[in-house]
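# Next comes the sequence, and after it the predicted model I'd like to discuss.
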Amino acid sequence: MKKVLVFMMAVLMLAALAVAGCGGSDEKEAGGEKIMRVGTEPSFAPFEMQAEGSEELTGFDMDLIRAIGKHLGYKVEISAMGFDALIPALQADNIDVALAGMSITEERKQQVIFSDPYYKSGLLVMVPKDNNDIKSIDDLKGKRIAVQIGTTGAFRAEKVEGAKVTAFNDNGSAVLEMKNGAADAVINDAPVLKYFLAQGGSEYAKTVGEVLNAEDYGIAVKKGNDKLAAEINKALNDLKANGEFDKIYNKWFGEAK
Ligand code: GLN
């Protein structure tokens with residue numbers, strides 16, 4: 001009897017050691033579940049935004065990362081923060097993934113790893129509907145431009161000669177500044193401005209000129225986390241191959257890509 005007990009205890013201890021040994025990976029596990037902590041900035045419809053009448057975040061990016069998480073066996077937990085806080089949060093290991101219509105740029109590539117591109121975008125200028133002087137970015141010299149802090153739109157605005165650039169924490173505030181007559185223009189991503197105009201913004205605003213820089217969106221992970229980047233790329237490929245990506249794309253943009 002005693003021998004059996006000792007044997008059982010030894011087996012239990014070995015099992016405990018085996019479980020503890022699995023903790024060596026960098027995945028966060030809770031109750032045996034793999035967790036993917038995602039950071040986003042939800043003032044960027046139709047990519048990420050607050051769902052009406054719910055706490056939930058919705059949008060193309062949100063559907064995409066939930067599908068990626070499901071495909072890879074992760075429970076996806078999404079938290080909201082300022083756009084300029086996303087890369088620091090990755091670096092501090094507070095989140096595993098940053099997904100916020102983030103353009104892949106050389107500067108950011110020094111700080112994070114980007115997945116393969118998942119959406120083709122670019123910048124556009126938006127002005128009040130009744131403004132007939134500003135026809136393109138070239139007419140913004142010396143003008144007041146409202147942007148979101150830390151975005152490629154903000155960086156582009158800074159390059160406009162003599163412009164007075166005001167950076168806001170969220171896109172809504174930048175647009176409001178223009179609506180209130182305190183800014184002459186907003187520079188933001190083309191799909192977001194187009195969505196905004198289609199949702200009622202065209203009552204008082206319009207876009208002018210051509211789409212400026214071509215930019216690709218990527219999913220960012222911490223430098224060194226090549227394993228997660230590779231997993232995400234694999235999931236993106238699989239979801240494109242099995243039609244799931246197109247389904248999500250069509251839901252938000254209405255045409256296959
Ligand atoms: N695509 C732009 C950037 O990466 C804007 C992103 C955003 O405002 N969420 O800077």
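Noted; the coordinates are in hand.

# what about E56, neighbour count?
Neighbour count for E56, taken as other CB atoms under 10 Å: 10. Just so you know, the C-beta spots here come from the backbone N, C-alpha and C atoms, and that holds for glycine as well.

# contacting residues for it?
Q50 (CB atoms under 8 Å, 6 or more residues apart in numbering).

# let's see 10 Å
50, 62, 78 (CB atoms under 10 Å, 6 or more residues apart in numbering).

# With neighbour count and secondary structure added, can I get these in CSV?
Converted to CSV, those look like this (neighbours: other CB atoms under 10 Å; DSSP: H, G, I helix; E, B strand; the rest coil):
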residue, neighbour count, secondary structure
Q50, 15, strand
M62, 24, helix
I78, 21, strand
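
# Neighbouring strands - and their directions - for the lengthiest strand in the chain?
Taking DSSP state E as the criterion, the chain has its longest strand at strand 119-128. Strand 119-128 has the following strand partners under DSSP bridges: strand 185-189 (antiparallel), strand 205-208 (antiparallel), strand 214-217 (antiparallel).

# ranking these by burial, who's on top?
Highest mean neighbour count of the strands paired with strand 119-128: strand 185-189, a mean of 27 (counted as mean count of other CB atoms under 10 Å).

# What average pLDDT does it get?
In this model, strand 185-189 has a mean pLDDT of 98.

# if you go through the stretch 101-250 of the chain in chain order, where are the helices?
Secondary structure of the stretch 101-250 of the chain (DSSP state H, counting those that start in this stretch): helices located at 106-109, 152-158, 171-179, 190-198, 226-241, 244-253.
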